[in-house]
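K.L.:
Got a predicted model here, sequence first, then my questions.
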Amino acid sequence: MAVIKYKPTTNGRRNMSVPSFEEITKSTPEKSLVKTLKKNSGRNSYGRITVRHHGGGNKKKYRIIDFKRKTEGAATVVGIEYDPNRTAYIALLSDAENRKSYIIAPEGLTAGDTVYTGPDSDIKVGNTLPIANIPVGTVINSIELYPGKGAQMVRSAGAAAQLMAKENGMAQIRLPSGEVRLVSLSCKATIGVVGNVEHDTVKIGKAGKSRHRGIRPTVRGSAMNPCDHPHGGGEGKSPIGRPSPVTPWGKPTNGYKTRNKKARTDKFIVRRRNGK
């Protein structure tokens with residue numbers, strides 16, 4: 001994948017870059033695999049804002065992704081498509097019975113390729129098989145946390161995990177964050193690295209593109225009044241007046257751990273991402 005950089009003809013164009021989309025071979029989605037996506041603008045079922053800075057944005061439809069890969073056997077890649085709902089590209093598959101499905105497209109998968117699902121699949125990019133049948137050291141993505149639930153980990157653009165070891169019915173997997181986690185050998189995973197690897201090098205360039213994505217402006221706490229934010233108030237540009245920055249509700253934001261200390265899944269974490 002390449003990134004196109006613009007000349008600074010305007011302030012908006014300065015430093016802007018966009019993906020070349022050279023991997024994209026199909027421009028329109030499969031009608032049977034899309035559904036309407038209703039906007040909620042960060043509001044819950046009561047109409048209260050629970051996620052700030054969401055709203056507006058371009059209309060888009062959700063592509064139904066086959067994260068479970070239940071249908072075993074061979075399938076042909078019809079094309080690679082852009083998905084507005086995720087950073088990764090998606091691949092449209094068609095099996096022997098002409099059933100269509102979408103999967104997360106790994107790097108190197110192209111239209112016309114054949115991918116296989118099942119325990120006897122080869123160790124080849126795009127193939128999905130149980131972790132028990134994958135050799136140690138293999139780079140994988142789209143990993144299940146629970147057998148049959150569907151892929152939940154390592155699904156974003158450029159992400160990849162590595163199978164480190166297998167013992168006592170569990171596999172040790174090093175995730176992109178550096179965390180090493182235990183996963184059942186019965187869980188499925190896909191071979192390869194998720195495509196669109198240079199996604200993180202793209203620069204939005206202008207505020208309007210954030211608005212197209214449904215992201216609204218963020219106001220600094222120090223620019224607010226004391227009744228609206230703990231950082232607010234004071235004459236001129238005042239310091240926050242605390243040992244560390246906090247959220248509007250007073251929780252620390254510099255390295256404050258929010259994970260439940262009694263989380264039942266702690267036993268599956270061999271090594272945390274901070275190395276402890």
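P.N.:
Structure's in. What do you need?

K.L.:
Show me the strands in the stretch 101-250 of the chain, by range?
P.N.:
For the stretch 101-250 of the chain, the strands defined by DSSP state E, counting those that start in this stretch cover 114-117, 128-130, 139-141, 143-144, 151-153, 161-167, 170-174, 180-184, 188-191.

K.L.:
Would you map the helices across the protein?
P.N.:
Using DSSP state H, the helices of the chain run over 207-212.

K.L.:
how about the CA coordinates for the biggest strand by length in it, as CSV?
P.N.:
Under DSSP state E, the strand in the chain containing the largest number of residues is strand 73-81. These are the backbone C-alpha positions of strand 73-81, laid out as CSV (Å, rounded to 0.1, in the frame of the first residue of the first chain):
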residue,chain,number,x,y,z
GLY,A,73,-13.8,-25.6,2.6
ALA,A,74,-12.5,-23.4,-0.3
ALA,A,75,-13.8,-20.0,-1.2
THR,A,76,-12.6,-17.6,-4.0
VAL,A,77,-11.8,-13.9,-3.4
VAL,A,78,-14.2,-11.9,-5.6
GLY,A,79,-12.6,-8.6,-4.7
ILE,A,80,-11.1,-6.3,-2.1
GLU,A,81,-13.4,-3.5,-0.8
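
K.L.:
Okay, now the sheet partners of it, with direction.
P.N.:
Using DSSP bridges, the strands paired with strand 73-81 are strand 90-95 (antiparallel), strand 114-117 (antiparallel).

K.L.:
now, of those strands, which is deepest in the fold?
P.N.:
With neighbours defined as mean count of other C-beta atoms under 10 Å, the strands paired with strand 73-81 peak in mean count at strand 90-95, which reaches a mean of 21. The C-beta positions use only the backbone N, C-alpha and C, and glycine is treated the same way.

K.L.:
Burial check on the nearest residue to residue 35 once chain neighbours are set aside, number of neighbours?
P.N.:
Sequence neighbours aside, residue 62 is the residue nearest to residue 35 in space, at 5.3 Å (criterion: C-beta to C-beta, 6 or more residues apart in numbering). By the criterion of other C-beta atoms under 10 Å, residue 62 has 15 neighbours.

K.L.:
Against residue 84, how distant is residue 62?
P.N.:
Relative to residue 84, residue 62 is positioned 9 Å away (C-beta to C-beta, to the nearest Å).

K.L.:
Model confidence for the residue nearest to residue 35, exactly?
P.N.:
The model reports residue 62 with a pLDDT of 96.

K.L.:
Just give me the residue right at the centre of this structure.
P.N.:
Geometric centre of the chain, nearest residue: residue 156, 3.1 Å, by C-alpha atoms, centre = their mean.

K.L.:
Check the average confidence over stretch 42-56, would you?
P.N.:
Per-residue pLDDT over stretch 42-56 has a mean of 96.
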